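S.K.: this one's structure only:
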């Protein structure tokens, strides 16, 4: 097959002409791995125009092309987007986007390694300057006669440097420095000299203060998104915080330059970029008009809730679902002595799974309160979560972090399709929670049992607990020990929850944390008797399940009974919960009490019976028996 590569493509690219889309051949491919991070893999290509060859680095988003064999030795490719950047006293081509034209081809010509000093421009001009368009044309003609042979890919000739004019009385003359060229975020690398990016701020972190061996400091970061879909995080420290913190606004577009790049800290940075930008006092951040709207407002990579079951803890991801329940906000005292708020809600999606989302701090009062008002009014909103953190504690859940963003009833296709699914199907269909009620090795599918089967089948007496679902009615509740006073301090990202005791008249003492504090938390320890058509049993419901059963917080009930002495109101609440039917998710495990082995049954989830979905379940069960 006869293939004509673009003439003089390599010299022209090295000279800085990025307007054309040359056809070149891949002579060699080498895998390059960062010494600091073995996962930061890039491919170095040797490109040829049949006469000259030069090394190029392939953008990481095109690594799959090499791995799948679409790009190999001999492939003819068209460079669609690229830049040339200096590296160790020479230049290297950064290939940002390309297309494979011919996957397999024999090596064309006898290309030799190109040296920067061989630029045709330098040969043609010999240091002369171009003074006018007429002389430019003559110089081009002379270059052709001299054998430059620049045909379909001619490098741009830059005019010679001329010093800026002097102005008397104006002070020092400003250095003649051309503005940095705007490049895509995907093209950023630490080997570049001057660069600029134009991008929208999609998230802004809180201002955080820290103390280490070098003293006190402060830091904040923000995330950027450009028109090509590239994302990167920007971080500012100390004096740089004072300069840029107030001027950075989420949703605005900025032109940013004169920063430095460092490897991204993947433990804290979820963006798909191996680099982060560090701004300093010489950096510039300029607000830009957003006239054409070419830069998206936000970029999501949603994961189905069912996928989160197999995601590692501490992973940062995006999720979208229907809010089916919202718990009240509760104050939490962190281990550093600072108080914050926590609010728990539940999301479900069309994958048949639901998950618990924990909101912290201001999220509880802003979006959290709005969501609670909507759910209380019978409206089940769509919630998109950008950058939620996966937690693992007897199942998977998601928590908000400083860079998390919440979007209520957003206007994009994923939300619209989810709304249609929920209104037509999801509202009346059951979903299995992957939070609290699933442990490693435990069953992932719902197993329906009756209460008599717990004893009849000896559930809970093996090495691992049994997890079952039953539909039952609450027939009795103990009211003397319905809750306990708990430690509100945070241990990592989890609350201590150890039982605390009075220390004096106004303070509480936690033996585990060895601290005193003014306010404690109140957590449910409900003991209830439930029954179905086959029998009855005692169960214990802790905090979240207790709130689902009672419909209010443990603190509210505690204050009614022990501080407000409102026994009538307290009794009315208890009575209102009796003889209500729930679909209980139960954990059954034999435990040692003193010298005696007893089976303990714990409620990990309590959903009010949805009679429409229950009827479908019963009809489906009947049809299975009829087919036997």
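M.R.: On my side now, so go ahead. Note that the structure is predicted; figures quoted are calculated from it, not measured.

S.K.: Only C-alpha atoms from now on, for both contacts and neighbour counts.
M.R.: Fine.

S.K.: neighbouring strands for whichever strand or helix holds residue 340, and are they parallel or not?
M.R.: Using DSSP states H and E, residue 340 sits in strand 339-348. Strand pairing for strand 339-348, determined by DSSP bridges: strand 316-326 (antiparallel), strand 330-333 (antiparallel), strand 353-360 (antiparallel).

S.K.: which of the ones you listed has the lowest average pLDDT?
M.R.: Confidence, taken as mean pLDDT, is least for strand 330-333 of the strands paired with strand 339-348 (a mean of 76).

S.K.: Quick one: distance of that strand to the chain centre.
M.R.: Strand 330-333 has its C-alpha centroid displaced from the chain centroid by 26 Å (Cα atoms, centre = their mean, to the nearest Å).

S.K.: The strands paired with strand 339-348: which one's closest to residue 498?
M.R.: Nearest to residue 498 among the strands paired with strand 339-348 is strand 330-333 (13.2 Å), distances taken as Cα to Cα.

S.K.: residues in contact with that closest one?
M.R.: Surrounding strand 330-333, the residues in contact under the criterion Cα atoms under 8 Å, 6 or more residues apart in numbering are 339, 340, 341, 342, 343, 488, 489, 490, 495, 521.

S.K.: redo that, cut-off 10 Å
M.R.: 338-344, 360-361, 364, 487-490, 495-496, 517-522, 553, 555 (Cα atoms under 10 Å, 6 or more residues apart in numbering).

S.K.: Select only the buried ones of these in PyMOL?
M.R.: To isolate the buried members of the contacts of strand 330-333 in PyMOL, using 16 or more other Cα atoms under 10 Å:
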select buried, resi 341+342+343+344+360+361+364+487+488+489+490+495+496+517+519+520+521+522+553+555
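
S.K.: Low-confidence stretches in the stretch 1-150 of the chain?
M.R.: 1-2, 17-19, 33-40, 87-89, 116-150 (pLDDT under 70).

S.K.: so where do the strands sit in it?
M.R.: 23-33, 41-48, 52-58, 76-87, 90-102, 112-113 (DSSP state E, counting those that start in this stretch).

S.K.: Direction included, what does the second one pair against?
M.R.: By that I understand strand 41-48. Paired neighbours of strand 41-48 in the sheet (DSSP bridges): strand 23-33 (antiparallel), strand 52-58 (antiparallel).

S.K.: buried set for the first one?
M.R.: When you say that, I think you mean strand 23-33. Buried residues in strand 23-33, defined by neighbour count with 16+ other Cα under 10 Å: 23, 24, 25, 26, 27, 29.

S.K.: hang on, the third one packs against residue 76?
M.R.: Read it as residue 25. Yes. Shown here, residue 25 and residue 76 form a contact pair, counting by Cα atoms under 10 Å, at 4.5 Å.

S.K.: Now list whatever residues contact both of the two.
M.R.: 3, 5, 47, 48, 100, 101, 102, 103, 105, 106, 107, 108.

S.K.: Return the residues in contact with the third one.
M.R.: The neighbourhood of residue 47, defined by Cα under 10 Å, 6+ apart, consists of 9-10, 23-29, 53-56, 73-77, 93, 111, 113.

S.K.: can you check the fourth one too?
M.R.: For residue 48, the set of contacting residues under the criterion of Cα under 10 Å, 6+ apart consists of 5-6, 8-10, 23-28, 54-55, 74, 76, 107-114.

S.K.: so what's it bridging to?
M.R.: residue 25, residue 53.

S.K.: hey, where'd the helices end up in the stretch 151-300 of the chain?
M.R.: Along the stretch 151-300 of the chain, counting by DSSP state H, counting those that start in this stretch, helices occupy 239-244.

S.K.: so where do the strands sit in it?
M.R.: 196-204, 208-212, 215-225, 231-237, 253-257, 260-263, 275-278, 284-288.

S.K.: Quick one: mean pLDDT over the fourth one.
M.R.: Along strand 231-237, the predicted local confidence has a mean pLDDT of 94.

S.K.: how about residue 364, secondary structure?
M.R.: helix (DSSP: H, G, I helix; E, B strand; the rest coil).

S.K.: if I read this right, it contacts residue 341, doesn't it?
M.R.: Yes. Residue 364 lies in contact with residue 341 (Cα under 10 Å); the separation is 6.5 Å.

S.K.: any shared contact partners between the two?
M.R.: In contact with both residue 364 and residue 341: 329, 330, using Cα under 10 Å, 6+ apart.

S.K.: Residue 80: neighbouring residues, count only.
M.R.: 16 (other Cα atoms under 10 Å).

S.K.: ok, now how distant is it from residue 44?
M.R.: In this view, residue 80 and residue 44 are 17 Å apart by Cα to Cα, to the nearest Å.

S.K.: what pairs with residue 212 across the strands?
M.R.: Assigned bridge partners for residue 212, using DSSP bridges, are residue 215.

S.K.: pLDDT value on it, please?
M.R.: 80.

S.K.: residues touching residue 249, list them.
M.R.: Here residue 249 is in contact with 200, 201, 202, 203, 204, 222, 287 (criterion: Cα under 10 Å, 6+ apart).

S.K.: Would you show me how to pick out the buried ones of the residues you listed in PyMOL?
M.R.: Selection of buried members from these for PyMOL, criterion 16+ other Cα under 10 Å:
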select buried, resi 200+201+202+203+204+222
